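Visitor: coordinates for the following, if possible.
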Amino acid sequence: MINILLVVFIFLFVILWHEFGHFSIAKMVGVKVNEFSIGMGPRIFYKKRGDTEYSFRAIPVGGFVSMEGEEENSSDPRAFQNSSIIKRMAIVVAGATMNFILGFLVLLLLYIMRGVDVPKIKSFTPESNAPISGLEIGDRIIKMDSNIVNSWDDVLTLMSKNSGKNVKLQIEKKDGSVNIISIKPIEKEGRYVLGIYPDTEAIGILSAIQMSGYTFREMFMSLINFLQSIFRGGVKIKDISGPLGVVNVLVQAANQGIIQVLFWVAYININLGVINLLPLPALDGGKFIFLIVEALRGKPISPSKEGYVHLAGFILLMILLIVITFQDVLNLIGVK
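Guide: Next up, the predicted model:
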């Protein structure tokens, strides 16, 4: 129960953080915000402070910031449509930007708390051939076949190219001596691995920043590649997780400890930032495209017409969300 409540809190916080990005920049540049909402659907609670209503809605998926003149004509000088294009662009991308910032900061916290994986053996998987091959806990891998190993990522990269052949490891023992050991990899989830868990070592703040940037880039590019596969038809609907699928992953992560939770919080934030910047109606990226068109035309597009386009996009996204959620349910109950 505690883990489920933690997951709900994480979802609400991530959404709040995203919408706070839009809200804070809008306030900063003088745009009137009519409503700041967490969730979608019927409103179940709200409180008005100044010009803005702060509300919670019944469906805890998504959220929004409603600004004066965003989807309708308004004579208010503080209306969204009456602000400069630069200000409006800043407001539109602020949500995704805040998600990217939070994702990076969570990764930074993760590396400061945990350190980094190093090519030093901490433990073995139950099915590993490593113990019978002569490997021991505390051994450090310094070379694989003819390749020098400087990090655990080097081990993972080299093993990703392995087709099941024996691997010759050069090992530095605890006493400083060096041994050569041959180990047969094991097959796990369609790939070959050594069956060992790496140890971790603490790193300084500058190294933590560097590693956070590297991991951020890897997560970002993996999402871009996944989206490209979707648009090319290389990904089936069953391979896409919706809110229920993400909740399931977070609950499992919570069972494994705070480190796994932080990893997925970072990934979800980067994911949300990338998705929101897609050039699709109803998403921040779609709104940004309308602003670019306005800049090229030299005159604004009717807020009501743009609103209809985003409404149509929103309806399509909700239909897609329902389909993906239904698939999530099938996956959770084991129906293929």
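Visitor: drop to CA atoms for contacts and neighbour counts, all remaining ones
Guide: Will do.
Visitor: could you tell me whether Pro281 really is in a strand?
Guide: No - according to DSSP: H, G, I helix; E, B strand; the rest coil, Pro281 belongs to no strand; its state is coil.
Visitor: check contacts around it.
Guide: Lys287, Val309, His310, Leu311, Ala312, Gly313, Phe314 (Cα atoms under 8 Å, 6 or more residues apart in numbering).
Visitor: adding secondary structure, write those residues out as JSON lines.
Guide: Putting these into JSON lines (three-state DSSP) gives the following:
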{"residue": "Lys287", "secondary structure": "helix"}
{"residue": "Val309", "secondary structure": "helix"}
{"residue": "His310", "secondary structure": "helix"}
{"residue": "Leu311", "secondary structure": "helix"}
{"residue": "Ala312", "secondary structure": "helix"}
{"residue": "Gly313", "secondary structure": "helix"}
{"residue": "Phe314", "secondary structure": "helix"}
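Visitor: now the buried members of those.
Guide: Lys287, Val309, His310, Gly313, Phe314 (16 or more other Cα atoms under 10 Å).
Visitor: quick check: Lys47 touching Phe36?
Guide: No - counting by Cα atoms under 8 Å, Lys47 sits too far from Phe36 to count as a contact (10.0 Å).
Visitor: so what sits against both of these two?
Guide: Glu53, Tyr54, Ser55.
Visitor: can you pull out the helices in this protein?
Guide: 2-28, 85-114, 130-133, 152-159, 205-231, 243-256, 258-276, 284-297, 303-332 (DSSP state H).
Visitor: mind checking how far the second one is from the chain centre?
Guide: It stands for helix 85-114. 11 Å (Cα atoms, centre = their mean, to the nearest Å).
Visitor: kindly report the same for stretch 302-309.
Guide: Distance of stretch 302-309 from the chain centroid (Cα atoms, centre = their mean) equals 30 Å.
Visitor: okay, that stretch in PDB with CA atoms only?
Guide: Output of stretch 302-309 as PDB, limited to C-alpha atoms (Å, rounded to 0.1, in the frame of the first residue of the first chain):
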ATOM      1  CA  SER A 302      -7.200  32.700 -34.700                       C
ATOM      2  CA  PRO A 303      -7.100  31.300 -31.100                       C
ATOM      3  CA  SER A 304     -10.500  29.700 -31.700                       C
ATOM      4  CA  LYS A 305      -9.300  27.900 -34.900                       C
ATOM      5  CA  GLU A 306      -6.100  26.700 -33.200                       C
ATOM      6  CA  GLY A 307      -8.200  25.600 -30.200                       C
ATOM      7  CA  TYR A 308     -10.300  23.400 -32.500                       C
ATOM      8  CA  VAL A 309      -7.200  21.700 -33.900                       C
END
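Visitor: can you tell me the average pLDDT over stretch 110-125?
Guide: Average pLDDT, stretch 110-125: 92.
Visitor: so which elements touch the helix or strand bottoming out on mean pLDDT in the chain?
Guide: Across the helices and strands of the chain, mean pLDDT, DSSP states H and E gives its lowest value to helix 243-256, namely a mean of 74. For helix 243-256, the elements it packs on are helix 2-28, helix 258-276, helix 303-332, judged by 3 or more Cα pairs under 8 Å, 6 or more residues apart in numbering; DSSP states H and E.
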